[in-house]
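Trainee: Sequence and computational prediction follow.
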Amino acid sequence: MQERSGFPADPCLKCTLCDVYCPVRKATFRFPGPKYVGPGLARLPEKSRLLDHTAGWCTGCQVCERVCPSGVKSAHLVLRARGRLVEQKGPTLRDWLLSHPDWLARAAATVSPAVNWLLRAPVTVALLGTIAGIARRPLPAYGGRSYRSVFRSRPARGAAGGETERKVVLYAGCYARYHRPEIAWATGAVLERNGVRVEIPPQACCGVPALTNGLVKTARKYARFNLRVLGAYVGRGYDVVTPCPSCGLSLKQEYREFFPSAEADLVAAHTCDAGEYLMSLYSEGQLGTSFNTVSREVAYHAPCHLRAQGVPAGFSDLLRMVPGVKIDILPEHCCGLSGTYGFKKEKYELSMAIGRELFQAVRSTGKGMVVTECGPCQVQIQHGTGVDALHPAIVLAEAYGLWSLTEQHPGSDAVKGGEQFAELWNYTGGTTFSSSFPRTGPGHP
Ligand code: SF4
Ligand code: SF4
């Protein structure tokens, strides 16, 4: 008899540690937990009819993998189970649309004032809920100008920390490209302030929304495009830097996991989170630390996908060096939005229940601003607490004198930091968060 070897669920000891730490399982016992939806479902035959929808309740935070003593890749097994299910049954229109954020955003960004107005109208929110299954919550507004044109308005490159031969491509991510171009601007401007040459090549969505919605073929298409473009730059001596933790996870880990190739290995080895990259400059004495005083009290939230990369503290360490910045590090919690997850009607209440501990932690700090690298975390924190949330690169740009959170940004009519953010989020037409999502219920094994 032929021996089976290397089956990814085999190392599971059934210790349930992953279940204990899973934020969805903590929020509701209706979710059977990673032990079942990960190694459990992976043991089913390829086309098994027993595959069920429970894999869809996982947010993809990857906490289960970080705590597993046997190295079981439960979160990835969940994604594979979801992919098998979608292959059998096909995606819903809503999930297909959410898996193609650039397709939607390219159309919307060209007429963003009208689209933003429409997205805020209660009637649109109600229609999106009824027709498309989108949750009644504020949707991220689209930026007024393309991130590439915003980036062109950056100041000239200068060596704040010393001469450097470093050159990077900025992989901005869909949130910065279509919703908050100032994130790409601030990240690029801070890098260039430190003598790094920055280029922004054409780029597609990283594919995480497609993977998490079970559209593996769509994610592969995105991965092929990005790997071809980024691989060519890496071959010419560039590193890849991204301000987005989920994009970073994709480039470093998910492409290798789902679409293994020599190009995926090459790009992964040369990809850095922006905070991680700036800290590497600091370690080599190449980071300028003559910061302006920035009188700002902030709470820092480390996103799940940054922790999954093993990068718990890039920007938070940088902000500690800025005179005047008082920073509290929030305890580790998932925000619950998880990309497209919390925008789904049936997941909204659960998404807010998952984020509850983080919201409480934010409120208890009493800080008027949260900084976090992840766009969806910013959206969810703002929605769950009413506290402004923004990317830490913007505060760092402020410390270098490149940006002002209180003045109109010189490079763009469309972006100017916190004010626009607050205005866009003064939304009152949606469902208010109810803390009553049941922890127990009929699905509990
Ligand atoms: S996947 Fe890992 S943490 Fe979860 S039950 Fe199995 S061995 Fe334990
Ligand atoms: S990835 Fe996160 S939400 Fe999904 S099963 Fe693992 S711990 Fe739970």
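Mentor: Great, that's in hand. Ligands and ions are numbered 1, 2, ... in the order given.

Trainee: So for stretch 133-151, what gets flagged as buried?
Mentor: Buried residues in stretch 133-151, counted by 16 or more other Cβ atoms under 10 Å: 133-147, 150-151. For glycine as for every other residue, the C-beta is placed from the backbone atoms N, C-alpha and C.

Trainee: what about that stretch, how long is it end to end?
Mentor: For stretch 133-151, the first-to-last residue distance is 35 Å (Cα to Cα, to the nearest Å).

Trainee: How far off centre is it?
Mentor: Computed by Cα atoms, centre = their mean, to the nearest Å, the chain-centroid distance of stretch 133-151 equals 14 Å.

Trainee: tell me the average confidence for it?
Mentor: The average pLDDT for stretch 133-151 rounds to 79.

Trainee: try stretch 399-412
Mentor: On average, stretch 399-412 scores 64.

Trainee: How about stretch 73-92?
Mentor: 90.

Trainee: so where do the helices sit in the stretch 301-445 of the chain?
Mentor: Here the stretch 301-445 of the chain has its helices, by DSSP state H, counting those that start in this stretch, at 304-307, 314-320, 348-365, 375-385, 392-399, 418-425.

Trainee: okay if I get those as CSV plus mean neighbour count and distance to ligand 2?
Mentor: Formatted as CSV, the helices of the stretch 301-445 of the chain follow (neighbours: other Cβ atoms under 10 Å; distance: least, Cβ to the nearest ligand atom, whole Å):
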stretch, mean neighbour count, distance to ligand 2
helix 304-307, 25, 7
helix 314-320, 21, 22
helix 348-365, 21, 8
helix 375-385, 25, 14
helix 392-399, 26, 24
helix 418-425, 16, 26
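
Trainee: Pipe those helices into TSV and attach distance to residue 118 per row.
Mentor: TSV is the format used below for the helices of the stretch 301-445 of the chain (distance: least, Cβ to Cβ, whole Å):
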stretch	distance to residue 118
helix 304-307	30
helix 314-320	34
helix 348-365	20
helix 375-385	18
helix 392-399	27
helix 418-425	13
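
Trainee: Could you tell me the least trusted of those helices?
Mentor: Across those, helix 418-425 has the smallest mean pLDDT, namely a mean of 32.

Trainee: Can you get me a residue count around the residue in the stretch 251-400 of the chain positioned nearest to ligand 2?
Mentor: When distances are taken as Cβ to the nearest ligand atom, the stretch 251-400 of the chain reaches nearest to ligand 2 at residue 334, 7.0 Å away. Using other Cβ atoms under 10 Å, residue 334 is surrounded by 26 other residues.

Trainee: Check residue 293 too.
Mentor: Neighbours around residue 293, by other Cβ under 10 Å: 10.

Trainee: Does it touch residue 398 like I think?
Mentor: No: at 10.3 Å, residue 293 does not count as touching residue 398 under the criterion of Cβ atoms under 8 Å.

Trainee: Quick check: phi and psi at the residue in the stretch 201-350 of the chain that ligand 1 sits nearest to.
Mentor: Distances between the stretch 201-350 of the chain and ligand 1 by Cβ to the nearest ligand atom are smallest at residue 308, namely 15.1 Å. Residue 308 adopts backbone torsions of phi -60, psi -20, taken as degrees, to the nearest 10.

Trainee: Excluding residues flanking it in the chain, which one is nearest it?
Mentor: Excluding the flanking residues, the one nearest residue 308 by Cβ to Cβ, 6 or more residues apart in numbering is residue 62, at 4.0 Å.

Trainee: State the pLDDT value of the one you found.
Mentor: 96.

Trainee: Show the backbone phi and psi for residue 16.
Mentor: The phi/psi pair for residue 16 (degrees, to the nearest 10) is phi 70, psi 10.
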